[in-house]
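Asks: Take a look and give me a structure for this.
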Amino acid sequence: MVHVGLERFLRHRQREEIRVSLEAEHGISLSSGEISVLAARFLTSLERLHHASAPALRAALAADGGWPLHIDATGEDGRGTLLVAFAGWRQWVLGAWKVPTERADAILPRLHEVAFRFGAPCAIVRDLGRAMAEACQAFVKRRQPTIPVLACHLHFLSDIGKDLLEDSHDRLRVLFRQVTLRKELRALARELGGSIGQEIEAARAGLRRWQIEASSERWLPAGSAGIATVRALAQWVLDYPAEGNGHGFPFDLPWLALYHRCRQASSAVDAFLSAPPEEPSVRKPLERLRRILQPVEDNVAAFAAVAETLTQRAALFGELRKALRLEEESSRTKSRHNRETGELKDIRAAVRRLACSLRRRRPKRGPAQDRRAAIDIVLAHLKTHGRFLWGHAIRLPRRAGGGIHLVHRTNNILESWFHALKHGERRRSGRKILTQDFETLPPAAALAANLKHADYVSIVCGSLDRLPEAFARLDGRVQRKAKAPVSITGRSVDSETASLSTADRKLVRTEEMTHRVINAAQKGSRQRKVA
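Replies: Have a look, this model is predicted:
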């Protein structure tokens, strides 16, 4: 059972892989169904062991001087919501639950549960969602000593970025989708690649020579190298996502990057056409590229107006990013030092200076309406969430060595944990979209990640080799009598608040439901006629 559980939830192997390896390496023949049963029983035992070990885990957390709670939820396509309580310094999962939707009344009991088992946290790091905020505030109310509730700086920055940039970025996207520019660029690149054929390597070598040629600003090479150069121009425009840093919107603005590349490529093509290539095989594709880019030039007033607004707001967003210095947070090691308290004070002072600067720069009246609105967005967020942005320096008790230990300013450690969980499930299922997988994934599967931490394993069972023995000690009699498969749906006992859960969908899609609605509609129609 332990072998199957570790293979399934720690190494994310498929049932067939586990079945084949058991037979090949150990001579044990099991059906796929039995693999599922053993995996489910493993999670049941692991959860019981986690709860039974709570006093020892609690003592370890207390010996650290406390533990910061990182709380967040994840799901897939709005379904299978998994709420996780994470001990930030140890990076242990202390609790995981399926909740119908992210609501305060579903979150608050879980906060009380984890505090009951492992002691009250020394701080809480949460996102900016209303439900999470309300639950955390209700949890810390009247608790002594006071527990600081901290808003994740990354969520704070992301929320401001979306409010600042989303409208303009969406309008720019709509403008691009009204033309077939990207589709035509891809078609041109494919056709030119086909026309080069087997000479592609020589053509690329010629393109490379042209790239490093000092006097190549106004001419294109001849032959296949020239065709490859036109192709590369089209591909350069298509590669506009490369200008981002991979963090996604609002930290990346792909549609603005596409606009800038279109304008730059248009100007470059104009320069090349001022002394057009003599060979039709090069000149005609270049002229075609110019025609593909022409819609942006024809509608430059609309494109430019949106791009200018977006650029100005992005600059304001960049000021806030610089003040918060989140890049430094992500580059630090897990170890925290007292000198970092000074760095945190510097960051807080930088945010204060930015807020003062924005108040001075805010236009009181006149045509700068958008700039005024953009500054108001930033100031409003600082006013609403400012008191939750600071308080990360936790003074440790003498028994824990004293000094200061800093809480992570973001929920990145938990977000990274979610990413690893989903990556493992995609590896196991072979599916990119995990909607169904997350709905059926038991919440106890989150606890399996703790088995990667030697300090956790040492407390609950000594070593992974002794995990079967630890399970057996829990309740050998119950384990031997367990015959029926354990449900692995992780179904919540909360009231159902999702608009259309899987269970509801099965009922709604029945033929009987359709007949009921149609019959009732016909009856209602007859009654209205009689009336």
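Asks: Okay, now the unreliable bits of this structure?
Replies: For the chain, the stretches with pLDDT under 70 are 214-218, 328-340, 476-509, 512-531.
Asks: centre of the chain versus stretch 361-381, how much separation?
Replies: Put simply, stretch 361-381 sits 30 Å off its chain's centre (C-alpha atoms, centre = their mean, to the nearest Å).
Asks: Stretch 178-193 now?
Replies: With C-alpha atoms, centre = their mean, you get 31 Å for stretch 178-193.
Asks: can you list contacts of that stretch?
Replies: Contact with stretch 178-193 is made by 176, 200, 227-228, 230-231, 234-235, 237-238, 258, 262, 285, 288-289, 292-293, 295-296, as judged by C-beta atoms under 8 Å, 6 or more residues apart in numbering. (Each C-beta comes from the backbone N, C-alpha and C, glycine too.)
Asks: List the ones among these that fall in strands.
Replies: Among the contacts of stretch 178-193, the subset assigned to strands under DSSP state E is empty.
Asks: From these, list just the buried residues.
Replies: 176, 227-228, 230-231, 234-235, 237-238, 258, 262, 285, 288-289, 292-293, 295-296 (16 or more other C-beta atoms under 10 Å).
Asks: Show me which residues of the host helix or strand of F317 are buried.
Replies: Using DSSP states H and E, F317 maps to helix 300-324. For helix 300-324, burial by neighbour count (16+ other C-beta under 10 Å) applies to 303, 306-307, 309-310, 312-314, 316-317, 320-321, 323-324.
Asks: cool, stretch 442-457 as well?
Replies: P442, P443, A444, A445, A446, L447, A448, A449, N450, L451, Y456, V457.
Asks: and what of stretch 12-31?
Replies: By 16+ other C-beta under 10 Å, the buried positions in stretch 12-31 come out as H12, R13, Q14, R15, I18, R19, L22.
Asks: can you give me the strands for the stretch 301-450 of the chain?
Replies: Applying DSSP state E, counting those that start in this stretch to the stretch 301-450 of the chain gives strands spanning 393-395, 404-406.
Asks: Just name the most buried of those.
Replies: strand 404-406 (a mean of 20; mean count of other C-beta atoms under 10 Å).
Asks: Of all the strands of the stretch 301-450 of the chain, which one is nearest L379?
Replies: Among these, strand 393-395 comes nearest to L379, with 25.7 Å by C-beta to C-beta.
Asks: Pull up the pairing partners for the closest one, direction included.
Replies: Sheet pairing here is set by DSSP bridges, and for strand 393-395 it gives strand 404-406 (antiparallel).
Asks: related to what we said a few turns ago, with distance to G66 added, can I get the buried residues of helix 300-324 in JSON lines?
Replies: Formatted as JSON lines, the buried residues of helix 300-324 follow (distance: C-beta to C-beta, whole Å):
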{"residue": "F303", "distance to G66": "54"}
{"residue": "V306", "distance to G66": "49"}
{"residue": "A307", "distance to G66": "49"}
{"residue": "T309", "distance to G66": "46"}
{"residue": "L310", "distance to G66": "44"}
{"residue": "Q312", "distance to G66": "44"}
{"residue": "R313", "distance to G66": "40"}
{"residue": "A314", "distance to G66": "40"}
{"residue": "L316", "distance to G66": "38"}
{"residue": "F317", "distance to G66": "35"}
{"residue": "L320", "distance to G66": "31"}
{"residue": "R321", "distance to G66": "31"}
{"residue": "A323", "distance to G66": "29"}
{"residue": "L324", "distance to G66": "25"}
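Asks: ok, back up a step: who are the packing partners of the helix holding F317?
Replies: helix 153-177, helix 254-274, helix 339-361, helix 369-385 (3 or more C-beta pairs under 8 Å, 6 or more residues apart in numbering; DSSP states H and E).
Asks: want to throw these into JSON lines with distance to G95?
Replies: Formatted as JSON lines, these follow (distance: least, C-beta to C-beta, whole Å):
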{"stretch": "helix 153-177", "distance to G95": "21"}
{"stretch": "helix 254-274", "distance to G95": "38"}
{"stretch": "helix 339-361", "distance to G95": "28"}
{"stretch": "helix 369-385", "distance to G95": "26"}
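Asks: Can you say which of those helices is nearest to R398?
Replies: helix 339-361 (18.2 Å).
Asks: tilt between that closest one and helix 153-177?
Replies: Helix 339-361 and helix 153-177 are oriented at 50 degrees to each other (axes from the mean of the first three to the mean of the last three C-alpha atoms, to 10 degrees).
Asks: Need the contact partners of helix 339-361.
Replies: The contact list for helix 339-361 (C-beta under 8 Å, 6+ apart) reads 319-320, 322-325, 328, 332, 375, 378-379, 382, 389-390, 392-393, 404, 406, 409.
Asks: One more pass at 7 Å, please.
Replies: Contacts with helix 339-361, where a contact means C-beta atoms under 7 Å, 6 or more residues apart in numbering, come from 319-320, 323-325, 375, 378-379, 382, 390, 392-393, 404, 406.
Asks: Among those, which pair sits farthest apart?
Replies: Among these, I375 and I404 lie farthest apart (C-beta to C-beta), at 34.6 Å.
Asks: Make sure A448 is actually in contact with F9.
Replies: Yes. A448 lies in contact with F9 (C-beta atoms under 7 Å); the separation is 3.7 Å.
Asks: Spatially, what comes nearest to A446 if we skip its sequence neighbours?
Replies: A96 (3.5 Å; C-beta to C-beta, 6 or more residues apart in numbering).
Asks: quick one, what contacts the one you found?
Replies: By C-beta under 7 Å, 6+ apart, A96 lies in contact with L82, L83, V84, P443, A444, A446, L447.
Asks: and which of these is nearest V4?
Replies: A444 (14.6 Å).
Asks: related to what we said a few turns ago, which of the contacts of A96 lies closest to K141?
Replies: L83 (20.0 Å).
Asks: Check the secondary structure at the closest one for me.
Replies: strand (DSSP: H, G, I helix; E, B strand; the rest coil).
Asks: Run a quick neighbour tally on it.
Replies: L83 has 24 neighbouring residues, counting by other C-beta atoms under 10 Å.
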